[in-house]
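Enquirer: One predicted model, sequence on top.
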Amino acid sequence: MEFIDLDQNRLRHFLLGALPEAEREAIEDRLLDDADLFTALTEAEDDLIEEFARGELTPEERAQLERGLLSLPAMRRRAELLRTLQVSVRTSDQPPILEPKPSFFASRFWRFAAVAGALIVLAGAAWWLIRARVSAPRRQDPVTAGVNQPATPTPSAVPLPVNTPAPEPTGGTKLPPVNENEVPPPPTQPTVATLVLIGGMTRGEGVGAVLELDPEVTVVQIELTLESTDYRQYRASLFDENGRQLWRSGVIRPRGTAVTIGIPGSLFSAGDYRIKLEGLAGSQFISVDNYVFQVHQHL
Amino acid sequence: MTSGRLNQWTLTADGFDRFLLLFDEDRAAAAERYEQVRTRLIKIFEWRGCAVANELADRTLDRVAAKVDQGEEIRNVTAYCVGVARLIHLEYLREVERDRQLFDQTPEAAVTYDFEGAATESARIAAFEECFALLLPDQRRQLTTYHTGEKAERINNRKSLAKQLGVAAGSLRIRMFRLRQLLDECLARTLKE
């Protein structure tokens, strides 16, 4: 690459539309011929979108990205997908699985052994089935079965369990099991708990609403009623009793006089919570209301 | 192929052939390079925030091909394409401005991204999980690992993942891109339903 000092920072500025036009053009002049530069830019683009989705960008970067790249529907969909993935990962109890690279024995030898073992078992099963067909009479009526039947020896090596019960899903965990041959499970419906919160209450008025939460709840759908519909777009944030922000929505549009949000159930434990609702005025979010509620968790 | 905005100019097959051969003397290699240049032009327009990047890239290539067909001698075809792309971009900006005035749209203070879209958050999460469950276990694990962790941790996760899978970082990125594409398509379908 002929570029001097074409560092990550500069690439980011290019993508954010924050480079002077002459510098921007200089990069574009190279783009069609410089594969490294093109790759570096697409990687930087991936990073920016991901950082946006994770809320890691500075307000300035965020605004630049929203004006530029994120004005494109495809990019917005990409950001949305990554954000949903993040929510999904956050609601999972399991850390990401970075499997250690299997050793030679753990991979080739045992793979070979497993295949050989499976072949032996299959051969045994086939032998047993053939013998059973040859030696046993045809399937009989249950009434007569077992009458005057020679006892068929049951080979101890025939495993082939037919209806092995599937392992129970672990509560709330969404990461897949490690079994490579696992057939993807059928999609499960989310268990939704709903709660309606009235606006206009202050903290001093106490915690009125209570959410009785069962452990299997995957999504808590909360309807935030609005005192007035002054804004066309809103944003909601969830805080625990220590004021720690646990979750934040994207931009939401009201439906009638309410805003509905869905929060992953696994974010909640027993305690007090507050939802801060902000309205979008121009390019700024302005605090509109606070909604407090309590969670009682059922075991 | 027509030259789009180049006033009734119709590109001949011979003209297009001559244009293609500017990329490489070998026809197959030239076609490959043409596609590569088209992809990069699309990204250039996207990075300038153009909503119809594909169309603008095609317009650029058509315009260059028409020039070749008209007998213009082009020494450096990629540099020429970038130059034409710049003109096309200016035309595009003028078109956008004209449309804006036509429809009397006042400029918005900020384009704020609507994460919700038409779907509620819970519906989106449910749809995502439905789609995510359709991926193979390994694919789910890889995608989760690839996108987990804060900045530095994420980089390390990706390096380890690439090492585990025995692929280069770039290949891993493309692999993840394809998985996300699958998810995106599934998500669009599911939310539509």
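Expert: Great, that's in hand.
Enquirer: Which pLDDT value belongs to residue B:57?
Expert: On the pLDDT scale, residue B:57 is placed at 95.
Enquirer: Doesn't it lie inside a helix?
Expert: Yes: under DSSP: H, G, I helix; E, B strand; the rest coil, residue B:57 sits within a helix.
Enquirer: ok, for it, nearest residue in space, not its chain neighbours?
Expert: Excluding the flanking residues, the one nearest residue B:57 by CB to CB, 6 or more residues apart in numbering or on different chains is residue B:41, at 3.8 Å. For glycine as for every other residue, the C-beta is placed from the backbone atoms N, C-alpha and C.
Enquirer: Check residue B:154 too.
Expert: residue B:148 (6.8 Å).
Enquirer: related to what we said a few turns ago, could I get the contacting residues of the residue nearest to residue B:57?
Expert: Applying CB atoms under 8 Å, 6 or more residues apart in numbering or on different chains, we find residue B:41 in contact with A:32, B:56-57, B:60-61, B:81, B:85.
Enquirer: Among those residues, which one has the most neighbours?
Expert: The most crowded member of the contacts of residue B:41, judged by other CB atoms under 10 Å in any protein chain shown, is residue B:60 (27 neighbours).
Enquirer: Settle this for me: that residue is touching residue B:88, isn't it.
Expert: Yes: the criterion here is CB atoms under 8 Å, and residue B:60 meets it with residue B:88 at 5.1 Å.
Enquirer: Closest approach to chain B from chain A, which residue is it?
Expert: Nearest residue of chain A to chain B (CB to the nearest CB) works out as residue A:250 at 2.0 Å.
Enquirer: Can you classify that residue as helix, strand or coil?
Expert: coil.
Enquirer: from what I can see it touches residue A:233, true?
Expert: No: the criterion here is CB under 8 Å, and residue A:250 misses it with residue A:233 at 9.7 Å.
Enquirer: and the helix or strand that contains residue A:291, is it in reach of chain B?
Expert: Residue A:291 belongs to strand A:284-297 when assigned by DSSP states H and E. No: Strand A:284-297 lies out of reach of chain B by CB under 8 Å from any CB of the partner chain, never closer than 8.7 Å.
Enquirer: so what does that strand touch, helix or strand wise?
Expert: Judged by 3 or more CB pairs under 8 Å, 6 or more residues apart in numbering or on different chains; DSSP states H and E, strand A:284-297 is in contact with strand A:192-197, strand A:209-213, strand A:219-225, strand A:271-281.
Enquirer: Enumerate the positions of the second one that are buried.
Expert: Which is strand A:209-213. Buried residues in strand A:209-213, counted by 16 or more other CB atoms under 10 Å in any protein chain shown: A:209, A:211, A:213.
Enquirer: and the longest helix seen in chain B, what other elements does it pack with?
Expert: Ranked by residue count, the top helix of chain B under DSSP state H comes out as helix B:77-102. Counting contacts by 3+ CB pairs under 8 Å, 6+ apart, helix B:77-102 packs against helix A:21-31, helix B:27-47, helix B:53-69.
Enquirer: shaky segments in the chain?
Expert: Reading this off chain A. By pLDDT under 70, the weakly predicted segments of chain A are A:1-6, A:89-190, A:200-207, A:282-284, A:299.
Enquirer: that answer is for a different chain, and I need it for chain B
Expert: B:1-10, B:100-121, B:193.
Enquirer: cutoff 80 now
Expert: By pLDDT under 80, the low-scoring segments of chain B are B:1-13, B:98-125, B:150-151, B:192-193.
Enquirer: Would you mind writing the CA trace of stretch A:257-276 as CSV?
Expert: C-alpha atoms of stretch A:257-276 as CSV (Å, rounded to 0.1, in the frame of the first residue of the first chain):
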residue,chain,number,x,y,z
THR,A,257,-50.9,7.0,23.7
ALA,A,258,-48.5,4.3,24.6
VAL,A,259,-45.0,3.0,23.8
THR,A,260,-44.4,-0.7,23.9
ILE,A,261,-41.0,-2.2,24.6
GLY,A,262,-39.8,-5.8,24.9
ILE,A,263,-37.0,-6.5,27.4
PRO,A,264,-35.2,-9.9,27.7
GLY,A,265,-36.6,-11.6,30.8
SER,A,266,-33.2,-12.8,31.9
LEU,A,267,-32.2,-9.2,32.7
PHE,A,268,-34.5,-9.2,35.7
SER,A,269,-34.1,-10.5,39.2
ALA,A,270,-36.2,-9.6,42.2
GLY,A,271,-35.9,-5.9,43.0
ASP,A,272,-36.9,-2.4,42.0
TYR,A,273,-36.5,-1.1,38.5
ARG,A,274,-37.0,2.2,36.7
ILE,A,275,-37.6,2.8,33.0
LYS,A,276,-36.6,6.2,31.8
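Enquirer: any idea what sits nearest residue A:41, other than its immediate chain neighbours?
Expert: residue A:11 (5.7 Å).
Enquirer: now do residue B:15
Expert: Using CB to CB, 6+ apart, the closest residue to residue B:15 is residue B:69 (2.8 Å).
Enquirer: List the residues that contact the one you found.
Expert: With contact set as CB under 8 Å, 6+ apart, residue B:69 has these partners: B:9, B:11-12, B:14-16, B:18-19.
Enquirer: now, which of the residues you listed lie within strands?
Expert: Per DSSP state E, strands hold no members of those.
Enquirer: ok, those residues vs chain A, which is closest?
Expert: Nearest to chain A among the contacts of residue B:69, with distances taken as CB to the nearest CB, is residue B:19, at 14.8 Å.
Enquirer: quick one: contacts for the closest one?
Expert: Each residue near residue B:19 by CB under 8 Å, 6+ apart is listed here: B:64-65, B:68-69, B:77.
Enquirer: Farthest pair within those residues?
Expert: Largest separation among the contacts of residue B:19 by CB to CB: B:69 and B:77, giving 13.5 Å.
Enquirer: Kindly export stretch A:220-235 (C-alpha atoms) in CSV.
Expert: Extracted in CSV, the C-alpha atoms of stretch A:220-235 (Å, rounded to 0.1, in the frame of the first residue of the first chain):
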residue,chain,number,x,y,z
VAL,A,220,-41.1,-8.9,29.3
GLN,A,221,-43.3,-6.7,27.2
ILE,A,222,-44.0,-3.4,28.9
GLU,A,223,-46.5,-0.8,27.7
LEU,A,224,-45.6,2.7,28.9
THR,A,225,-48.6,4.9,28.8
LEU,A,226,-47.9,8.5,27.8
GLU,A,227,-49.3,11.5,29.5
SER,A,228,-49.1,13.4,26.2
THR,A,229,-47.8,12.5,22.8
ASP,A,230,-45.4,15.3,22.3
TYR,A,231,-42.8,13.3,20.4
ARG,A,232,-42.9,11.2,17.4
GLN,A,233,-40.0,9.0,18.5
TYR,A,234,-39.0,7.7,21.9
ARG,A,235,-36.2,5.8,23.5
